[in-house]
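*Asks:* give me coordinates for this.
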Amino acid sequence: MVKKECFEKESEDINTNSNETLSLHFDNVSQNGQILLNGFNDHSIEQLNLNLNHTECEDDEQIVLEQSRIKLDYYEKGNDDLTVCLYTKSVLNESVIVDFEETAFNVKFHTNDLKFLSSFPSASSNTTFIWTLELKYAIKPEECSFKVNTVKIEIYLKKKESFKWDQLAIVKPKNVNGIEPKSSVYTVGADFNLQSTKTPSNVWIPATGEVGPPPAPPLPPITKPKFLEKPKEICSWMQSSVPLGVGYTGLDNLGNTCFMNSVIQCLSNTEELRDYFMSNHFKDDINENNPLGTGGSMAISFAVLLKHLWSGQHLSYSPSKLKSLMGEKISQFSGFAQQDAQEYMAFLLDSLHEDVNRIKIKPYIVNSQSSDDELQIPDEELANDFWKKYRMRNDSVVVDLFQGQYKSKLVCPVCTKVSITFDPFLYLSIPVPKTLLLLSVYFFSTDSSKKPTKFLVKIHSESKVKKLVQMIAVRTNVAVSNLQLIQVSNGTIEHYFLPENTIPKLDAKDMLLMFEVLRKDSEGEDICEFVVQQRLKVPQQTSNICSQCKCNPDGKLKRCTQCYRSSYCNQNCQKKDWNEHKKTCHYQPEPVGCPFLITLPRSKCTVKNLNQLSSEYSKHSVDVFHPESRTPNGDIDNCMENTTSNSSRKFVLRNLSRDVIADSDDIPSEIFFGDFQEKSYVTMEWMNNDKESLIVESKDLDHSYDILEAEKVQNEVVDISLEECLQMFTEPEVLTPQEAWYCPRCKEHREASKQLTLWRLPQILVVQLKRFAFKNLIFRDKIDKFINFPLSGLDLSDYCCGNSLIQEKPVYDLYGVINHYGGMYGGHYTAFAKTSLNGKQIDWRVFDDCRVNDMDEDYVVTKNAYILFYRLREDKNCSF
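*Replies:* You can find the predicted model right below:
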């Protein structure tokens, strides 16, 4: 079931006896096979009759479309030209015919769009679709044209007279009793399908001179949630005998204007802004000569609208004047396409700001980036200078109420140039994580005798590695700089992470290991870091068939001593197979157990210490057996005895060149260690060959585990809090190549590190949840996650600079929410709001266009929340 928008326009200047001035009313509803067409006058019905009769004479089927079957938008270029866009996919270019008349145009086309064709049972790519639109004003048919592309038909109209059109189409209105004038109603029986071109016997089509059709049958009700149910009296032009309440006036939907209505309702419930405009104080501030404003027209229209909303005399009121003014100023709001509520709010507040800007002549001011010398200036002094310069050009009630200031810090990754600015903001646009991850992280202490500890961590998928490191640092009381994260898969190291890397996508076989490491600044000397990979000298898997003769002898086969993967009955078989075997004969070590990191101060980098630590770390991930005893780890602690004798060792350490790491004593040797860099890769090779008779097997990582803490984390993983989104907002990020910053020192664009923190907070804090994210350069996606935001007591202390101007805890309480229902390319906006008037509290109400109902506070927090309105508590101080 598709809900069609109802558009009613009320104007005191309308002459009801005029045939030229008509209110616009679209009401095309199809339910249970019954279709009611409003908006066809006598001429359009006669034309439809002609079209239906004409199609009977043609071979190919023709289908006359309702206006609502094709998405329509239009915009004006000056006063002479107008462009109409019909959004249709896969239209056959050569099939498109547009017939222009003085007050109408007719479009015929064929399409290959299967989804569109599936709506018409008998339609095919040979079907001719006909769509007609009658215009309110006259055009010059001979100067009109059209263009076809893959997604739309653009129709260029040349106006007969040069002026702005207040509407595009001519459609008959309803009267105050809700009954359509007879001459404009076209009724279709229940069995009639408008897609058919043949006229059924039960369809009444008015002939010339007839008065009108019989009344249409009633339509079934539309089922909606209780708090969104539409009352019987819903439009501004309807009269009501029931008493109206102040603060319960809705706004008419003028055609996809729910985004505008929701913004206006939340702003009208911002009592400081409402009282400013309703008390007429704004008249003293009107700036008629501001080229960036509307000469006061927007402010006056907004004030008039607020007075009607709070008069208590309307169930609903039409914001047509405000829409018209915004359309003239911003072309994207001139038509009737769905728009983004946040964009509209930003443009509306900016227009109001410029209209009541107390600065009549704006001085020219240059806000330069901070130089190296200015970095020595205290932040408070620098921030005040930026704010003072901004207020020299911008001084209005919008700035007083809504605008704050944040600190922006950019760091060049090449020359480490730091740029600090203090920029104003009208609202906070904070990220919403697409996915919440629950990760298992194994922490290894520098004390190799301790088992690793498993931590469950809840983190956003877009987070950086440094965020994960910070979370582990808090739980282990280890400094962030002394932690290193690696990713392990099937016993090998897949990734050695840097702080700015993003959290990886893990498979079932992947593990995240966090190692405590030593650093030079804490130890006071150089540190050697070893990345140790365990492997077997001889692969575990052996063949019981001769690689040459394919026999299965009773005796034990002999392995190739170079690759250990091919087996032979004797040397003769090996020699015969050599020409073929030599192509693949190369050493391929088999990983075993878990890799680990070892860090040692330079003064303690001895072979004995390295072997000892390797032996202790390996216990957590491998079992070592002697064949005769099968006792796990039977003698592994003594594997270091007689280190100079290879025959007694259970493993050897090798460098990348496969040279054995050995030393004759415990004294650090510059000859040996001089070949190593700060980070060296080492192989721990287990001697499981026939001579050593050793069996080494991987096992699940031994670890300790806090079950109670893990259960707590798992229970918290369901919700994402507003505080977590704010934390993401204040975290440093690396700019993309498209956002690269021009470094004044390097003289080049750099992908700098950027961090935003709050410095000066406003009295009214508007928070936009960034639910719409770009998939690529063209398509956007909606993030439909539930964000748990507080109704009261939002404390922003943790997201402000440590030395900011905020002296006490900035605590905010919620009073308004704008919600978005639906997806990226279709949806609906509503608003929730509460306020006070003349000292009396008006509790939460839901605003759904012209419908306003009370609602329970428990239903305010939903997954559809898009824009939040918070007010600073009066008992808290904040600079604004």
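*Asks:* tell me where the model's unsure across the stretch 201-350 of the chain.
*Replies:* Applying pLDDT under 70 to the stretch 201-350 of the chain picks out residues 201-244.
*Asks:* ranges for the helices of it?
*Replies:* Under the criterion DSSP state H, counting those that start in this stretch, helices of the stretch 201-350 of the chain are mapped to 258-268, 271-278, 297-309, 320-329, 341-355.
*Asks:* ok and the third one relative to helix 341-355, angle-wise?
*Replies:* What it means is helix 297-309. 110 degrees (axes from the mean of the first three to the mean of the last three Cα atoms, to 10 degrees).
*Asks:* what angle separates helix 297-309 from helix 320-329?
*Replies:* Going by the same axes, to 10 degrees, helix 297-309 makes 160 degrees with helix 320-329.
*Asks:* wait, which of the helices of the stretch 201-350 of the chain is closest to Gly839?
*Replies:* helix 271-278 (10.5 Å; Cβ to Cβ). For every residue, glycine as well, the C-beta is placed using N, CA and C.
*Asks:* pick the most buried one from the helices of the stretch 201-350 of the chain.
*Replies:* Across the helices of the stretch 201-350 of the chain, averaging neighbours per residue (mean count of other Cβ atoms under 10 Å) puts helix 258-268 on top, at a mean of 25.
*Asks:* name the helices or strands packed onto that one?
*Replies:* strand 250-251, helix 271-278, helix 297-309, helix 320-329, helix 341-355, strand 811-822, strand 827-837, strand 840-848 (3 or more Cβ pairs under 8 Å, 6 or more residues apart in numbering; DSSP states H and E).
*Asks:* output the ones you listed as JSON lines; include the columns distance to Thr502.
*Replies:* Below are those laid out as JSON lines (distance: least, Cβ to Cβ, whole Å):
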{"stretch": "strand 250-251", "distance to Thr502": "43"}
{"stretch": "helix 271-278", "distance to Thr502": "41"}
{"stretch": "helix 297-309", "distance to Thr502": "44"}
{"stretch": "helix 320-329", "distance to Thr502": "40"}
{"stretch": "helix 341-355", "distance to Thr502": "26"}
{"stretch": "strand 811-822", "distance to Thr502": "28"}
{"stretch": "strand 827-837", "distance to Thr502": "30"}
{"stretch": "strand 840-848", "distance to Thr502": "39"}
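*Asks:* mind showing which ranges of the stretch 351-500 of the chain have poor pLDDT?
*Replies:* In the stretch 351-500 of the chain (pLDDT under 70), the answer is 367-375.
*Asks:* show me where it has its helices.
*Replies:* So, for the stretch 351-500 of the chain - with DSSP H, counting those that start in this stretch - the helices run 379-391, 397-402, 465-476.
*Asks:* winner for burial among these?
*Replies:* helix 397-402 (a mean of 21).
*Asks:* who does Ser408 bridge with?
*Replies:* Applying DSSP bridges to Ser408 gives these bridge partners: Thr421, Leu756.
*Asks:* check contacts around it.
*Replies:* The contact partners of Ser408, by Cβ atoms under 8 Å, 6 or more residues apart in numbering, come to 420-423, 754-756.
*Asks:* how near is it to His749?
*Replies:* 17 Å (Cβ to Cβ, to the nearest Å).
*Asks:* before we move on, the earlier item: now the helices of the stretch 351-500 of the chain as JSON lines including distance to Arg358?
*Replies:* Output for the helices of the stretch 351-500 of the chain, formatted as JSON lines (distance: least, Cβ to Cβ, whole Å):
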{"stretch": "helix 379-391", "distance to Arg358": "10"}
{"stretch": "helix 397-402", "distance to Arg358": "9"}
{"stretch": "helix 465-476", "distance to Arg358": "44"}
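*Asks:* out of these, nearest to Cys144?
*Replies:* Taking the helices of the stretch 351-500 of the chain one by one with Cβ to Cβ, helix 397-402 is closest: 42.7 Å.
*Asks:* what does the closest one contact?
*Replies:* Applying Cβ under 8 Å, 6+ apart, the external contacts of helix 397-402 come out as 270, 272-273, 276, 282, 285, 349-350, 352-353, 356, 391, 424, 426-427, 762-764, 766, 880.
*Asks:* what's the closest of the contacts of Ser408 to Thr830?
*Replies:* For the contacts of Ser408, the nearest to Thr830 is Leu756 (30.2 Å; Cβ to Cβ).
*Asks:* so the closest one touches Tyr406, yeah?
*Replies:* Yes - between Leu756 and Tyr406 there is a contact under Cβ atoms under 8 Å: 5.2 Å.
*Asks:* would you map the strands across the stretch 351-500 of the chain?
*Replies:* Assignment of strands within the stretch 351-500 of the chain using DSSP state E, counting those that start in this stretch yields the ranges 404-411, 418-425, 428-431, 436-444, 453-460, 483-489, 492-496.
*Asks:* buried among the contacts of Ser408? Make that a ChimeraX selection.
*Replies:* Typed into ChimeraX, the line below selects the buried ones among the contacts of Ser408, using 16 or more other Cβ atoms under 10 Å:
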select :420,421,422,754,756
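*Asks:* ok, which pair from the contacts of Ser408 is furthest apart?
*Replies:* Spatially, the most separated pair among those is Phe422 and Lys754, at 14.2 Å (Cβ to Cβ).
*Asks:* so who does the closest residue to Met345 other than its chain neighbours touch?
*Replies:* Counting by Cβ to Cβ, 6 or more residues apart in numbering, the nearest residue to Met345 once its immediate chain neighbours are dropped is Val263, at 4.5 Å. Counting by Cβ under 8 Å, 6+ apart, Val263 touches 341, 344-345, 348, 818, 831.
*Asks:* centre of the chain to the edge, which residue is at the far end?
*Replies:* Largest separation from the mean C-alpha position in the chain: Asn572, at 68.2 Å (Cα atoms, centre = their mean).
*Asks:* got the phi/psi numbers for it?
*Replies:* Asn572 adopts backbone torsions of phi -60, psi -50, taken as degrees, to the nearest 10.
*Asks:* and it, how far is that from Lys558?
*Replies:* Asn572 is 11 Å from Lys558, by Cβ to Cβ.
*Asks:* with Leu305 instead?
*Replies:* Note on Leu305: its distance to Lys558, by Cβ to Cβ, is 95 Å.
*Asks:* surely Leu72 and Thr88 touch.
*Replies:* No - at 10.5 Å, Leu72 does not count as touching Thr88 under the criterion of Cβ under 8 Å.
*Asks:* about what we covered before: what's the closest of the helices of the stretch 201-350 of the chain to Glu101?
*Replies:* Closest among those, using Cβ to Cβ: helix 320-329, at 26.4 Å.
*Asks:* quick one, what contacts Pro137?
*Replies:* One correction, residue 137 is Tyr, not Pro. For Tyr137, the contact set (Cβ under 8 Å, 6+ apart) comprises 103, 159-161, 165.
*Asks:* what about Asp447, how many neighbours?
*Replies:* Neighbourhood size, Asp447 [other Cβ atoms under 10 Å]: 8.
*Asks:* OK, contacts around the residue nearest to Met514 when sequence neighbours are not counted?
*Replies:* Nearest non-adjacent residue to Met514, counting by Cβ to Cβ, 6+ apart: Phe443, 4.8 Å away. Taking Cβ under 8 Å, 6+ apart as the criterion, Phe443 is in contact with 452-455, 472, 475-476, 514-516.
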